[in-house]
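Novice: take this sequence and fold it.
(2 chains)
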Amino acid sequence: MTHATLTIVWAGIIVFAVAMYVVMDGFDLGIGILFTRFKVGAERDAAMNSIAPVWDGNETWLVMGGGGLMAAFPLAYAVLLPALYAPLTAMLLGLIFRGVAFEFRWRDPGHRARWDAGFCLGSMVATFAQGVTLGAMLQGIKISGRAYAGGYWDWITPFSALTGASLVIGYALLGACWLIWKTSGLVHAEARRLARPLSLGMLAAIAGVSAYTPFLNARYYDTWFTWPGLTASASMPLIVAGIGFALYRRIGQGHDSRPFLLTLSLFALSLLGLAISMWPDLIPGSLSIWDAAAPKSSQIFMLVGACVLMPTILGYTAWSYWVFRGKVADDGYH
Amino acid sequence: MTGTMTALNLARAQFAFTVSFHFIFPSFSIGLASYLAVLEGMWLKTGKPVYDNLYRYWLKIFSIVFAMGVVSGIVMSYQFGTNWSVFSDKAGPIIGPLMAYEVLSAFFLEAGFLGVMLFGIKKVGPKLHFFATCMVAFGTLLSATWILAANSWMQTPAGWTMNESGQFVPGGSWLAIIFNPSFPYRLVHTVIAAFLTTAFAVGAVGARHLLRDRSNAGSRTMFSMAMWMAALIAPVQILAGDAQGLNTQEHQPAKVMAMEGHFLSYTGGAPLVLVGIPDEEHGRMRFDVEIPRLSSLILAHDLNAPLAGLDTVPRSDWPPVAIIFWSFRLMVALGMAMLGLGLFSLLARMCGRLYDWKPLHRCALAMGPAGFVAVIAGWVTTEVGRQPFTIYHLLRTVDSVSPIATPAVTGSLLAFIVVYFAAFVSGAVYILKLMAAPPSSHETAPQAPHP
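Specialist: Predicted coordinates:
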């Protein structure tokens, strides 16, 4: 394979890792966001138990995204992370609170309310920061030479605030749909109630971000409003509206797994739209995947490992989900 | 320039703070995961309930330690980029793949099987559950292997060339990069350190409960197992440390000079400085207590061998001597104390008084944190000893830092300090609470097993 092809393969792997992260940590962050909406006691415990065995594996995809970016596109890593210093720091701090709360709320019933609040707040901060990070990447980053050249506060704009809020809604919806699938009784009913307005919010968020993006810079505009991008611009809203309609109906009734799967497809479409906007750049307008790519020897060395290990990972991750399949029992895992 | 220096020092402080906090957890969880695998294996083999109860007793502690290790570790994987972006750009093609392998081969393995290990025994049965425990333990060891390959490459870089953009890129074989000169020594020394850390923590918990009730079967078993580890592994660790010291002497002589407090060269027979005050400004030791010629014996295996001192190294390449001098002494002193406790326990065992000799139990209790302190002291020695470089002799620390402003790194440093203390100090308190409860004959959490 040529260096150019390998670079595309690696871009695909990073996108896959990010997508896995969004899907998997998305629902457990979403449960965190909604957490204080559930009643203290059995409801909260059931919500927590539905993610306790899997959250750690979910979060590993974030390390894979960050570590993979450094390995496969070191220059992009070196520019993006200083540019996104503040939101990434906020995200990490949020993830710390949320991660330790899983354990601490069981160990310290006297302060359970405090750790529950930390779980909720940490999830919310981490999610908002991830959305802001995405928005800040999309709107562009100043580079000079091989380094970030902008200021400390460049990341905060109305657009990045919009993407931050959108992701909070999106993850909350994923979380609610996960609970519809994995729990029964009161939590299940509450999750259905919460999912309904969230699904409308998600559609509004997709519409808002999609409408805003082409006007961020001329290149996005050209991508979406000239042939062949125009076909996507014309068809995407219809597909999204169709899925949104189905989702809204399935939340009200029917299969417990459907709402989650339909929400996943909305996320997949959003990611596709994002990829269409950005391709082939990692930093819009200034750094393409080929500019930032690691040398061929690094790419090949990692690809050998990835080809063997990624399917293995997916295998035992699937096994772990299979072990904990079905509704969370009332007695819980703890 | 002052602003840049301040930002640099704050970035260094932030890395030192977050990595020191972080490494406490893996150094415990590496050892504890293996210990759990042994306990569960013994239970499956012998069917004795004491192993099953100990397994569940330590599993509760493991789950907290592991969670704190995970979240503090995620911080590390992003800090390379936020504060050390120039380093990441230049060294990414070499360090990045090693860390990617760590994530792919180790982190996912640990995380994937952790859920089953913590909550799954009812669902998968004891054999498969034991397999999950072994996978988690194996994952912790794999993780150590990869991250130590990356760290060792920064200490003793090998197998690289430089491309036209000024990046360090693989020169030929990846094996040369992974098996760089200091890697095998560092791997052995660090993994044994993790086992010893766990052994002394487990031993202290056992000792504490033996002091109250010498008949508790769980306390007796864990204390005996821990003291076997101490007696057998502490001497091995001293040999491994000696081997790593000689390796460092060969590849990073300035670090060893600082460890030894040798500002001046000795033409025949260098003394071993036991204690003293390093005076870096004047390039000499003050108030030093020495044993003649012993350093030459240790480092060159010859009483009369000449040894070069820091006077042969340009000032601009000196590491901070005082920190290294003291952290090294702290580590060695603790290592010797561990050996001492190991021998003490052998004596008690021979006299048949392992479970009722209170002085032994008090010593073991006092030595509980010894492993953690020694591990941190050892890392301070080796990492500060690499200064003023991030990649030894190839990239200076001052040239590695991100283009960040002082207020940015100050703010994040303060935030990290507040959050780490809130989160991890609470975690430590919960762990101590769990340890304060004696192991019972019907441990329940996280879940009662059905053998």
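
Novice: how about the strands in the chain?
Specialist: Picking chain A for this. Assigned by DSSP state E, the strands in chain A fall at A:143-144, A:147-148, A:281-283, A:287-288.

Novice: my question was about chain B
Specialist: Counting by DSSP E, the strands of chain B are B:160-162, B:168-170, B:272-279, B:284-291, B:389-391, B:395-396.

Novice: elements contacting the lowest-mean-pLDDT helix or strand in chain A?
Specialist: When the helices and strands of chain A are scored by mean pLDDT, DSSP states H and E, helix A:218-225 comes last with a mean of 81. Judged by 3 or more CB pairs under 8 Å, 6 or more residues apart in numbering or on different chains; DSSP states H and E, the packing partners of helix A:218-225 are helix A:229-252, helix A:258-278. Glycine gets a C-beta too; all of them are placed from N, C-alpha and C.

Novice: just give the number of residues close to residue 52.
Specialist: Going with chain A. For A:A52, the count of nearby residues is 24 (other CB atoms under 10 Å in any protein chain shown).

Novice: wait, I meant chain B there
Specialist: Neighbours of B:D52 under the rule other CB under 10 Å: 22.

Novice: who's in contact with the closest residue to B:A405 other than its chain neighbours?
Specialist: Nearest residue to B:A405, sequence neighbours excluded (CB to CB, 6 or more residues apart in numbering or on different chains): A:Y152, at 5.9 Å. By CB atoms under 8 Å, 6 or more residues apart in numbering or on different chains, A:Y152 lies in contact with A:Y85, A:A86, B:I404, B:A405, B:P407, B:A408.

Novice: what count of nearby residues applies to the closest residue to chain B within the stretch 101-250 of chain A?
Specialist: Here the stretch 101-250 of chain A gets closest to chain B at one residue, A:R107, 4.3 Å apart by CB to the nearest CB. Residues near A:R107, counting by other CB under 10 Å, number 20.

Novice: distance check, B:A322 against B:V380.
Specialist: Counting by CB to CB, to the nearest Å, the gap from B:A322 to B:V380 is 12 Å.

Novice: which of the two has more residues huddled nearby?
Specialist: Comparing B:A322 with B:V380 by other CB under 10 Å, the one with more neighbours is B:V380, at 19 against 14.

Novice: chain center to stretch B:274-290: distance?
Specialist: The chain centroid and the centroid of stretch B:274-290 are separated by 28 Å, computed with CA atoms, centre = their mean, to the nearest Å.

Novice: same list (the strands of chain A) but as JSON lines, adding mean neighbour count, distance to B:F108 and mean pLDDT.
Specialist: Below are those laid out as JSON lines (neighbours: other CB atoms under 10 Å in any protein chain shown; distance: least, CB to CB, whole Å; pLDDT from 0 to 100):
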{"stretch": "strand A:143-144", "mean neighbour count": "14", "distance to B:F108": "33", "mean pLDDT": "86"}
{"stretch": "strand A:147-148", "mean neighbour count": "20", "distance to B:F108": "30", "mean pLDDT": "84"}
{"stretch": "strand A:281-283", "mean neighbour count": "22", "distance to B:F108": "24", "mean pLDDT": "85"}
{"stretch": "strand A:287-288", "mean neighbour count": "18", "distance to B:F108": "29", "mean pLDDT": "87"}
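
Novice: so for B:M367, which of those strands sits nearest?
Specialist: Comparing those against B:M367 with CB to CB, the closest turns out to be strand A:147-148 (47.7 Å).

Novice: which residues touch that closest one?
Specialist: Looking at what lies outside strand A:147-148 - CB under 8 Å, 6+ apart - the contacts are A:A78, A:V79, A:L80, A:P82, A:A83, A:I141, A:K142, B:S85, B:V86, B:D89, B:S402, B:P403.

Novice: ok, now with 10 Å
Specialist: A:75, A:78-85, A:141-142, A:154, A:283, B:85-86, B:89, B:402-404 (CB atoms under 10 Å, 6 or more residues apart in numbering or on different chains).

Novice: would you map the helices across the chain?
Specialist: Using chain A. Counting by DSSP state H, chain A has these helices, from start to end: A:3-34, A:42-49, A:55-72, A:74-83, A:85-107, A:112-139, A:158-182, A:185-212, A:218-225, A:229-252, A:258-278, A:289-292, A:296-323.

Novice: that's the other chain; I wanted chain B
Specialist: Secondary structure of chain B (DSSP H): helices located at B:2-46, B:49-83, B:85-101, B:108-119, B:121-155, B:174-178, B:183-212, B:217-251, B:253-260, B:294-300, B:321-350, B:358-366, B:370-384, B:406-436.

Novice: and these as CSV, adding mean pLDDT and distance to A:W10?
Specialist: As requested, the helices of chain B are exported to CSV (pLDDT from 0 to 100; distance: least, CB to CB, whole Å):
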stretch, mean pLDDT, distance to A:W10
helix B:2-46, 88, 27
helix B:49-83, 89, 17
helix B:85-101, 90, 10
helix B:108-119, 89, 18
helix B:121-155, 92, 19
helix B:174-178, 92, 17
helix B:183-212, 95, 26
helix B:217-251, 92, 33
helix B:253-260, 91, 36
helix B:294-300, 86, 45
helix B:321-350, 93, 40
helix B:358-366, 93, 51
helix B:370-384, 94, 31
helix B:406-436, 88, 29
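
Novice: got the ones you listed as CSV, with distance to chain A columns?
Specialist: Formatted as CSV, the helices of chain B follow (distance: least, CB to the nearest CB, whole Å):
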stretch, distance to chain A
helix B:2-46, 9
helix B:49-83, 3
helix B:85-101, 2
helix B:108-119, 3
helix B:121-155, 5
helix B:174-178, 5
helix B:183-212, 16
helix B:217-251, 20
helix B:253-260, 27
helix B:294-300, 36
helix B:321-350, 27
helix B:358-366, 23
helix B:370-384, 19
helix B:406-436, 4
